[in-house]
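> dropping the sequence and predicted coords here.
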Amino acid sequence: MNARTRRIVLVTGGLTAAVVIGVGGAVVWAGAGPDPGRSPGSKVGWDPEAGSPGTVAQAFLTAFAAGDTTAAAKTTDAEQVAAPALARSKTGMTPASTFQARLGAVPPTTPDAAEAKITADVTWTLPGGSPWSYQTVLDLKRDGKQWRVHWTPALVHPQLTEGQALAFLPQSGDGALLDRDGGPVPKDTGAYAAAIMPGVRTAVGGLAGTPGWKVAAFTPSNEPAATLHEKAAVVTRSATLTLDKAVQDSAQAAVDGVPQQAAIVALDTTSGEVLAVAQNAVATATGPVALAYLHEPGSTFKMITAAAALENGGVTIDTPVECPGEATIGTRRIPNDGRFDLGTVPLRTAFAQSCNTTFGKLAADLPPTALTDAALRFGIGADFTVAGLTTNTGKVPAAQDVASRVENGIGQGRVQTTPFGMALAAATVANGGTTPTPILIREIPTVTAKAPTGLPAGVAQALRPMMREVVTGGTATALAPFGQVFGKTGTAQFGDGTGSHGWFVGYRGTTAFAVLVVDAGSSKAAVGVTAAFLGAL
């Protein structure tokens, strides 16, 4: 073998290392034989047992490939700094990848040589067999009789600077289920998950994509400083839920402390986005109380009766109406709660105080389909297919006889709705008479089979001060401290008439909502839940 031949050293390793020596070119001076850079007969001048630049470089790469970063650091001139730095890179890249390095030509050295530079062709084999190759330079310096690798992070990769290390980062190609703010929806969201998440995940379907990865330079504080190599993931679409975490959390907390079944649905009044669907555990054990189970709405339905009367009955909110403690209307005798008697008062006051006798009479004088038609203007009776939800807005059958119209007019009889339907009704008023189309998953439009017909703008405008007076001087004054709240209370008898559901339906700002407490005895329980809900926002 002549003095011009070279030795190429291949160093590989994952969790274990194999050293393969490919010989060709000059012989690397390894201490036992002649130094090709020293003239014959000259003094040695240093201990050949200390190793040559090539053997030291090989020792560094072999130890690093084997994962023995302590041994690799010992070959450097800054062992205490190099050891943790090498360990960070090795840990950051292992076990997802394997390391291989091939030493280039080793330059001849003379006995008095102080430094030598050797290139190394590095290849990391990344998951899936993807190779990542680059060249680095080992700068060796003599420390007395011993050659050492001059420490710099660029030994690992030429773009690394002081304190930086390599890390392999898998990149998921999966789409995500996101909330309205772009954050991930947690897999376990309590009662809310039980209420809607199975339907959401069915509607969204598979979100799996093609994964990718990147190798990055990380700072000492483990922040990515630069991407050095990557294979981009192929990402599928993500799905965005319209739920508002603050509204959802407030609604859930408000119903969780109620012993009876309790539910809240909240919607954005303009976009129709579902902001919250909350049920307590008792309700969830029963089924979709918030969205699909029908209950008598009681006096909250007076919003619809008032709208029908304003549109068809020749009244305004200031028209004087009678509010006796009880009244016989046709064949039906109905009382006010506790048989309170207001005498003759403006319609708005009868609404705020929830006079059954007033609204029974108004309904009796309407055509048989007036309440059915008016309800559809609010979205009650409309048919929506909302991706991720199974919903029911309610039913308001036509009433041919006066007694049935009287019952329907105060939200009893054959009228039934859901919190979802009543939240739409409140949103219709807040939105100037147009029922917003409800939506839960932004990427999947809602299909409307039977659309709301909408309120005349003047009717919606008239209802607003009536609903505001419920809070400022009517049956929901307990909500006065919670801002500009508009709404209507409801106590709804059911079954044999000995039990009653409690309701509050309304809006504040751009949030419309409906609160139901099943078998609560009166609307007071629902008003209390509403106070807890609004107070936490």
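Structure's in. What do you need?

> for the longest helix along the chain, buried residues please.
Taking residue count as the measure and DSSP state H as the definition, the longest helix of the chain comes out as helix 457-473. Residues of helix 457-473 classed as buried by neighbour count (16 or more other C-beta atoms under 10 Å): Val459, Ala460, Ala462, Leu463, Met466, Met467, Arg468, Glu469, Val470, Val471. From N, CA and C alone the C-beta is placed, and that goes for glycine too.

> possible to save those as JSON lines with pLDDT and distance to Leu86?
Conversion of the buried residues of helix 457-473 to JSON lines gives the following (pLDDT from 0 to 100; distance: C-beta to C-beta, whole Å):
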{"residue": "Val459", "pLDDT": "96", "distance to Leu86": "76"}
{"residue": "Ala460", "pLDDT": "96", "distance to Leu86": "71"}
{"residue": "Ala462", "pLDDT": "97", "distance to Leu86": "77"}
{"residue": "Leu463", "pLDDT": "97", "distance to Leu86": "73"}
{"residue": "Met466", "pLDDT": "98", "distance to Leu86": "76"}
{"residue": "Met467", "pLDDT": "98", "distance to Leu86": "70"}
{"residue": "Arg468", "pLDDT": "98", "distance to Leu86": "71"}
{"residue": "Glu469", "pLDDT": "98", "distance to Leu86": "75"}
{"residue": "Val470", "pLDDT": "98", "distance to Leu86": "72"}
{"residue": "Val471", "pLDDT": "98", "distance to Leu86": "69"}
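
> pull the contacting residues for the nearest residue to Ala403 once chain neighbours are set aside.
Here the nearest residue to Ala403 in space, its sequence neighbours aside, is Arg332; by C-beta to C-beta, 6 or more residues apart in numbering that works out to 4.2 Å. Arg332 makes contact with Gly360, Val402, Ala403, Val406, Glu407, according to C-beta atoms under 8 Å, 6 or more residues apart in numbering.

> for Arg332, give the beta-bridge partners.
For Arg332, the residues forming beta bridges with it (DSSP bridges) are Ile329.

> and the pLDDT at it?
Looking at Arg332, its pLDDT reads 91.

> Pro324 and Thr344 touch, don't they?
No: at 9.5 Å, Pro324 does not count as touching Thr344 under the criterion of C-beta atoms under 8 Å.

> the more surrounded of those two?
Neighbours were counted for Pro324 and for Thr344 using other C-beta atoms under 10 Å; Pro324 has more, 18 against 12.

> list phi and psi for the closest residue to the more buried one other than its chain neighbours.
In space, Pro324 comes closest to Thr357 once its chain neighbours are excluded; the distance is 5.2 Å by C-beta to C-beta, 6+ apart. Listed backbone geometry of Thr357 is phi -60, psi -40, with angles given as degrees, to the nearest 10.

> ok, now Glu407?
Backbone torsions of Glu407, given as degrees, to the nearest 10, read phi -60, psi -50.

> list the contacts for it?
If a contact means C-beta under 8 Å, 6+ apart, then Glu407 has Arg332, Gly360, Ala399, Gly413, Arg414, Val415 as its contacts.

> how far off centre is the lengthiest strand in the chain?
Within the chain, and with DSSP state E defining each element, the longest strand by residue count is strand 130-143. Using C-alpha atoms, centre = their mean, to the nearest Å, the mean C-alpha position of strand 130-143 is found 45 Å from that of the whole chain.

> again with stretch 429-443
That offset, for stretch 429-443, works out to 21 Å (C-alpha atoms, centre = their mean).

> report the mean confidence score over that stretch.
If you average the pLDDT values across stretch 429-443, you get 96.

> beta-bridge partners for Thr417, please?
In this structure, Thr417 bridges to His295, Gly394 when assessed by DSSP bridges.

> change the start of the numbering to 228 and stick with it
Sounds good: first residue 228 from here, last item Thr644.

> what's the spacing between it and Val698?
Relative to Val698, Thr644 is positioned 21 Å away (criterion: C-beta to C-beta, to the nearest Å).

> one more: Pro334?
Going from Pro334 to Val698 by C-beta to C-beta gives 89 Å.

> what's the answer for Pro425, then?
Look at Pro425 and Val698: by C-beta to C-beta, they are 37 Å apart.

> for Phe731, same thing?
10 Å.

> list residues touching both of these two?
Counting by C-beta under 8 Å, 6+ apart, the contacts common to Phe731 and Val698 are Leu706, Gly714.

> gap between stretch 548-558 and the chain center?
With C-alpha atoms, centre = their mean as the basis, the mean position of stretch 548-558 lies at 52 Å from the chain mean.

> and that stretch, end to end?
Across stretch 548-558, the terminal residues are separated by 21 Å (C-alpha to C-alpha, to the nearest Å).

> pull out the buried residues from it.
Buried residues in stretch 548-558, counting neighbours by 16+ other C-beta under 10 Å, are found at Val548, Cys550, Pro551, Gly552, Ala554, Ile556.

> give me the contacts around it.
Around stretch 548-558, the neighbours that count as contacts under C-beta under 8 Å, 6+ apart are 542, 560-563, 566-574, 576-577, 580, 582, 584-585, 587-589, 591, 628-630, 633.

> let's see that with 7 Å instead.
Under the criterion C-beta atoms under 7 Å, 6 or more residues apart in numbering, residues 560-563, 566-572, 574, 577, 582, 584-585, 587-588, 591, 629-630, 633 lie in contact with stretch 548-558.
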